[in-house]
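Participant: following is a predicted model, sequence given first.
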Amino acid sequence: MNLPNLRGRVVWVFDQDDFDIDLIIGVRNIKITDLDELAALAMADRAPGFAATVQRGDLLVGGRNFGYGHPHYPAMRAMRHLGIAGVVAESFSPGFFRGEISMGFPLVTCPGIVAAVERGDEIEVDWAGQYVHHPRSGQSLPLQPLAATERQTLEAGGLIPYLKARRASAREQLT
Amino acid sequence: MTEKILARASGRAFVRPGDEIEARPDFVISYDFPGYTDVFFREAREEFGVSRVSSPERFVLFIDHMVPAATPKEEELHRGTRAWGLAQGVPVHERKGIGHQVSAELGYATPGAFLVHFDGHVSQLGAFGVYAFGARKGVLEAFVSETLAMTVPPTVKIVITGALQPGVMARDVFHHLVRVMGPSSCAFKAVELAGPVIDAMSIEGRQTVCGQAMFLGANTMLIAPDELTLAWAAGRSKLDLAPVYPDPDAVYERVVTIDVSALQPIIVVPPSPANTRDLSEHLGIEVHSGYLGSCASGRLEDLRIAAEVLRGRQVKPGFQLHVVPTSQAIMVQAAREGLIECLAEAGAFISSPTCDYCYGRIATMADGQRAVSTGTLNTPGRMGSVDSEIYLCNAAVVAASAIEGRIADPRPYLTAAR
């Protein structure tokens, strides 16, 4: 199975390094688990009305060490519920990276992305070709390949289906 | 060290950085929090049909957030956790203190052990020569199978040389590492700490430093056991394990030597733990509250130095000083030493251990307010309004700032530093 390429509009650029994703929904809201409630809070402190601008398949772009801080899940759960299909960043903070790949959420490490794109641009992530294409400038930036287990987790759609598949294949080998 | 611990945990003779392994955690540690443990319990049962975790003696739960509960929903979560623990035969430790500290007190941090948690601050158990890994959602795997799939990280060795000046504490050392090396300098690596400053540092100080590993990007941080560690572990360790030491010819991805002889107290300015500055650059900023506690600080040496600063003095009227010992055991010892009395007489508001001050669930700040804090993070909104600010610093700085109502240098209040 191959990971489907991501093609979408950059709906927001978090251009500062070490961005703490708790700022997206506010630390006071991290105990909320209802998706509609979380989605309505997304970016409320930073860009009121953000939720209404998101189209299904949109992408976020981040700076270096995106997800620094405490990588609580509600921020990206909210973003996914709005239709965000993935994050392309200069680099990711390891805890955030590990956690979101487990959720089946594509994260793409692509040095140079912040300088290359503007909000509203289309970009395409080509996993097989290992680059991020930016049609407006014609540029293609190399992306950092995923480790085997990370790739398999994303292909499966997250940690739960991935673990289920692994357990099933382990059982087959026994019989 | 990392490779030896992970080799044993994965049943191999040796492992190398980059190897993808299946490692069996000696202990799986969690605290209950909505969206984490409640979800793990449900997913293990509903998605994987696991009604009983295998070898429940390897699991431990803490109730340290939302203590005491403030809403029926919070208490409901705790009730679910207690019930799950009871049904599974898994111990639930409640109101004993912050789990990362209580794990050490109860002997889960047996030198040489491999521990997992969903929360990365578990890295502080690395102070005991343990590989303690915050696997995030990945911990679910440990709930449904015996092992966890992981990649062996390369190790960066940080040698800390020199000697600390009076009034400079373990957390200043950590923040200095972030300043010198960068907030993502150790991304996806294990960090091994060594050198004379670490050798001379208390167990508590080592916990403080190791617990913040994530803010260097590191998977975890650990220190080879020494006499202090082994004395702590004796009579506490839950496992019969041989301590693990680095080989004299151990291979590191990088060895960094940092001299801290000239290090001054640090202040970490909002909005990020990456913004490390010298305290001297920010003296005099008006602050409205102070928090001395958390899994990073709030141990005896923090309470002792705060008491030394505040002895015979008063918190400035209107200033809110919250002192929260990290565990019940620490609180009891602080009481025996007269520290609680001294801090209360000075006007501190003293609470039983809880995580709740660290993330603004209580002692919540309003717009425009500012705190000095020994918590873990200074993200805007972490202690209340997004328009409030958090300055992270050591316990002595919190105490001195409480007296003056502005960010203050504690050294004039400390005998050794005068």
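Facilitator: Right, received. Where do you want to start? Residues are numbered from 1 along each chain as shown, chains lettered A, B, ... in the order given.

Participant: residues contacting residue B:36?
Facilitator: B:30, B:118 (CB atoms under 8 Å, 6 or more residues apart in numbering or on different chains). Using the backbone N, CA and C atoms, a C-beta is placed for each residue, glycine as well.

Participant: can you check residue B:380 too?
Facilitator: Contacts of residue B:380 by CB under 8 Å, 6+ apart are A:23, B:270-271, B:386-390.

Participant: now the residues you listed: which count as buried?
Facilitator: Using 16 or more other CB atoms under 10 Å in any protein chain shown as the burial test, the contacts of residue B:380 include A:23, B:270-271, B:386, B:388-390 as buried.

Participant: roughly how far does residue A:103 sit from chain B?
Facilitator: Taking CB to the nearest CB, to the nearest Å as the measure, residue A:103 falls 6 Å from chain B.

Participant: mind listing what's buried in stretch B:248-258?
Facilitator: For stretch B:248-258, by 16+ other CB under 10 Å, it's B:252, B:256, B:258.

Participant: tell me if the helix of greatest length in chain A is near chain B.
Facilitator: Secondary structure of chain A per DSSP state H: the longest helix is helix A:159-174. Yes - figure legend: helix A:159-174 in contact with chain B (CB under 8 Å from any CB of the partner chain); contacting residues A:159-160, A:163-164, A:167.

Participant: quick check: residue A:37 is in a strand.
Facilitator: No - assignment of residue A:37 by DSSP: H, G, I helix; E, B strand; the rest coil gives helix, placing it outside any strand.

Participant: which residues touch the longest strand seen in chain A?
Facilitator: In chain A, with assignment by DSSP state E, the single longest strand is strand A:6-14. By CB under 8 Å, 6+ apart, the surrounding residues in contact with strand A:6-14 are A:43, A:47, A:50, A:53-55, A:57-63, A:66, A:84-86, A:89, A:106, A:108, A:114, A:117-125.

Participant: give the pairing partners of that strand; include direction for each.
Facilitator: According to DSSP bridges, strand A:6-14 forms sheet pairs with strand A:59-62 (parallel), strand A:122-126 (antiparallel).

Participant: below-threshold pLDDT in chain A: ranges please.
Facilitator: A:1, A:174-175 (pLDDT under 70).

Participant: quick check: residues of chain A near chain B?
Facilitator: With the criterion set to CB under 8 Å from any CB, chain A comes near chain B through A:17-18, A:20, A:22-23, A:26-28, A:30-31, A:33, A:45, A:64-65, A:68-71, A:73-74, A:91, A:93-95, A:98-99, A:102-103, A:147-149, A:159-160, A:163-164, A:167.

Participant: please pick the buried ones from these.
Facilitator: A:17-18, A:20, A:22-23, A:26-28, A:30-31, A:45, A:64-65, A:68-71, A:73-74, A:91, A:93-95, A:98-99, A:102-103, A:149, A:159-160, A:163.

Participant: and residue 92, what is it in contact with?
Facilitator: Since you didn't name a chain, this refers to chain A. A:62, A:65-67, A:107, A:109.

Participant: looking at chain B here, not the other one
Facilitator: Neighbours of residue B:92 in contact, by CB under 8 Å, 6+ apart: B:61-63, B:81-82, B:85-86.
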